[in-house]
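# Sequence first, predicted coordinates after that:
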Amino acid sequence: MNAVIDLRSDTATRPTEGMRRAMAGAEVGDEQRREDPTVTELEERAAALLGHEASVYVPTATMANQIALRALSQPGDEVVAEAGAHVFRSELGGPAVHSGLAMKAIAGERGLFGAADVRDAVNPPDVHMAVTRIVCLENTHNGGGGKAWPLELVRDVSAEARRHGLSVHLDGARLLNATVANGTSAADYGREADTVTLCLSKGLGCPLGALLGGSAELIGRARRLKHLFGGAMRQAGIVAAAGLYALEHHVARLADDHANARRLAEGLADSGLPVDPSEVETNFVLLDAAALGLTVELAAERLRAEGVLLSPAGRRGCLRALTHLDIAAGDVDRAVTAARRALAAI
Ligand SMILES: Cc1ncc(COP(=O)(O)O)c(C=O)c1O
């Protein structure tokens, strides 16, 4: 009997042997006191990668996003993001809870929007209206099916935001998937934003951890907020070592995940299943359960019975499959065969 093929998320990875060895050998200290040399090394490395002066290591990308929004605003300000953005849909109303922010959604196209949308979203200087303060971009966009922002579009949006005096936060939880897909650098994107989140526990394969990059001044503020949010740690070098290992060994190989996602999409489409391979840019594949006359729950149940796990996608009526470090081309082929058994006879 084959093992279950878990495509629900790219967070499904287990640390590799090399990563575990790096963790076991890590030099550690008290991270709260900034005495952990491995955390410090990771923060310096990530700051350079993201094109910023400084970065701070936190347990999750959710915390990095929420700290950034708080550091960039005052209670009663407004944050603008695309309607399906993770900060709006999947962080429990965090901007309102943690920072007292009003939230304004832009209806984008697979998570992307343009300078004109920013212009339209900014409130006029009216005494009755919240001050629009932050624009948040997500790259790649989770709800948009792993869509990568073209660098030029980010530059346009960022320039427009700055014309209106807004700050820009980039939720780059999967930023390196975008840069590997389109041959840009993380610093190219990072420089267009005041703060940048990078997650280590998705395609990079770490058990946990994220980084928030920004100016030394902003990251100083973020460090205090990290304490406030309960994210300051002790001998965190043990997991930061996984982050350093991942930045060394797991970035270029994201191209394999993207190739496997294309292989999966083409295999499913060739089996007559409602998948559009032309949508696949990074490691997401969307399967349109509604087009088969199934709810996402029923389609997922049928796939599970054949040993393949998918999860609901941001797009209504769709399931998503994410490729990752623990998925090889052979798993993709087995998943296609299983999906054909589960769904193609419908
Ligand atoms: C775009 C994006 N941002 C942030 C997060 C939050 O990551 P974490 O689960 O590490 O808090 C996710 C998680 O899926 C995500 O997809």
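Alright, I've got the coordinates. Residues are numbered from 1 along each chain as shown.

# what's the span of stretch 130-142 from first residue to last?
End-to-end distance for stretch 130-142: 28 Å, by CA to CA, to the nearest Å.

# So the residue lying farthest from the centre of the chain, which state does it fall into?
If you look at how far each residue of the chain sits from its centre, by CA atoms, centre = their mean, the farthest one is Val127, at 35.8 Å. Judged by DSSP: H, G, I helix; E, B strand; the rest coil, the three-state class of Val127 is coil.

# how much space is there between it and the ligand?
Per CB to the nearest ligand atom, to the nearest Å, Val127 is found 34 Å from the ligand. Backbone N, C-alpha and C define where each C-beta goes, glycine included.

# Check Val308 too.
Going from Val308 to the ligand by CB to the nearest ligand atom gives 20 Å.

# Kindly state the beta-bridge partners for that residue.
Applying DSSP bridges to Val308 gives these bridge partners: Ile5.

# Surely it and Arg341 touch.
No. Val308 is beyond contact range of Arg341, at 9.6 Å (criterion: CB atoms under 8 Å).

# Between those two, which has more neighbouring residues?
Applying other CB atoms under 10 Å to Val308 and Arg341 shows that Val308 carries more neighbours, namely 25 against 16.

# check contacts around Thr184.
For Thr184, the contact set (CB atoms under 8 Å, 6 or more residues apart in numbering) comprises Leu151, Ala178.

# if I look at it, how far off is Asn177?
Going from Thr184 to Asn177 by CB to CB, to the nearest Å gives 11 Å.

# end-to-end on stretch 25-35?
End to end - CA to CA - stretch 25-35 spans 17 Å.

# Of all the residues in it, which ones are buried?
For stretch 25-35, a neighbour-count test (16 or more other CB atoms under 10 Å) marks Ala26, Val28, Gly29, Glu31 as buried.

# for stretch 129-138, which positions count as buried?
Thr132, Arg133, Ile134, Val135, Cys136, Leu137, Glu138.

# again with stretch 249-267
By neighbour count with 16+ other CB under 10 Å, stretch 249-267 contains the buried residues 250-251, 254, 256-258, 260-267.

# Just flag the most distant two among those.
Val251 and Gly267 (26.1 Å; CB to CB).

# hang on, the earlier thing: which of the buried residues of stretch 25-35 lies closest to Glu43?
Proximity of the buried residues of stretch 25-35 to Glu43 was ranked by CB to CB; the top entry is Glu31 with 10.1 Å.

# do you know how far the closest one is from Tyr189?
According to CB to CB, Glu31 stands 27 Å off from Tyr189.

# Okay, strands next: where are they in the stretch 201-346 of the chain?
Taking DSSP state E, counting those that start in this stretch as the criterion, the stretch 201-346 of the chain contains strands spanning 210-214, 284-288, 308-309, 311-312, 318-322.

# show me what contacts the residue nearest to Val336 when sequence neighbours are not counted?
Nearest residue to Val336 in three dimensions, chain neighbours excluded: Gly267, at 3.5 Å (CB to CB, 6 or more residues apart in numbering). Shown in contact with Gly267 (CB under 8 Å, 6+ apart): Val332, Asp333, Ala335, Val336.

# For burial, what's the neighbour tally of Ala12?
When counting by other CB under 10 Å, one arrives at 17 neighbours for Ala12.

# Surely it and Asp6 touch.
Yes. Taking CB under 8 Å as the definition, Ala12 is a contact partner of Asp6 at 4.4 Å.

# returning to what we had before: nearest to the ligand among the buried residues of stretch 129-138?
Using CB to the nearest ligand atom, the shortest approach to the ligand within the buried residues of stretch 129-138 belongs to Glu138, at 5.0 Å.

# How many neighbouring residues does the residue lying closest to Leu198 once chain neighbours are set aside have?
Computed as CB to CB, 6+ apart, the closest residue to Leu198 that is not its neighbour in sequence is Leu211, at 4.8 Å. By other CB under 10 Å, the residues close to Leu211 number 28.

# Please apply the same query to Ala161.
Neighbour tally, Ala161, other CB under 10 Å: 25.

# Is it in a helix, a strand, or coil?
Applying three-state DSSP to Ala161 yields a three-state assignment of helix.

# From the ligand, how far off is it?
In this structure, Ala161 lies at 19 Å from the ligand, with CB to the nearest ligand atom as the measure.

# swap in Arg110?
Note on Arg110: its distance to the ligand, by CB to the nearest ligand atom, is 13 Å.

# which residues does Ala342 contact?
Ala299, Arg302, Leu303, Ala305, Glu306, Val308.

# rewinding a little: could you list which of the buried residues of stretch 249-267 also contact the ligand?
Applying CB under 6 Å from any ligand atom, the subset of the buried residues of stretch 249-267 adjacent to the ligand is empty.

# With pLDDT as extra columns, can I get those residues in JSON lines?
Output for the buried residues of stretch 249-267, formatted as JSON lines (pLDDT from 0 to 100):
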{"residue": "His250", "pLDDT": "98"}
{"residue": "Val251", "pLDDT": "98"}
{"residue": "Leu254", "pLDDT": "98"}
{"residue": "Asp256", "pLDDT": "98"}
{"residue": "Asp257", "pLDDT": "98"}
{"residue": "His258", "pLDDT": "98"}
{"residue": "Asn260", "pLDDT": "98"}
{"residue": "Ala261", "pLDDT": "98"}
{"residue": "Arg262", "pLDDT": "98"}
{"residue": "Arg263", "pLDDT": "98"}
{"residue": "Leu264", "pLDDT": "98"}
{"residue": "Ala265", "pLDDT": "98"}
{"residue": "Glu266", "pLDDT": "98"}
{"residue": "Gly267", "pLDDT": "98"}
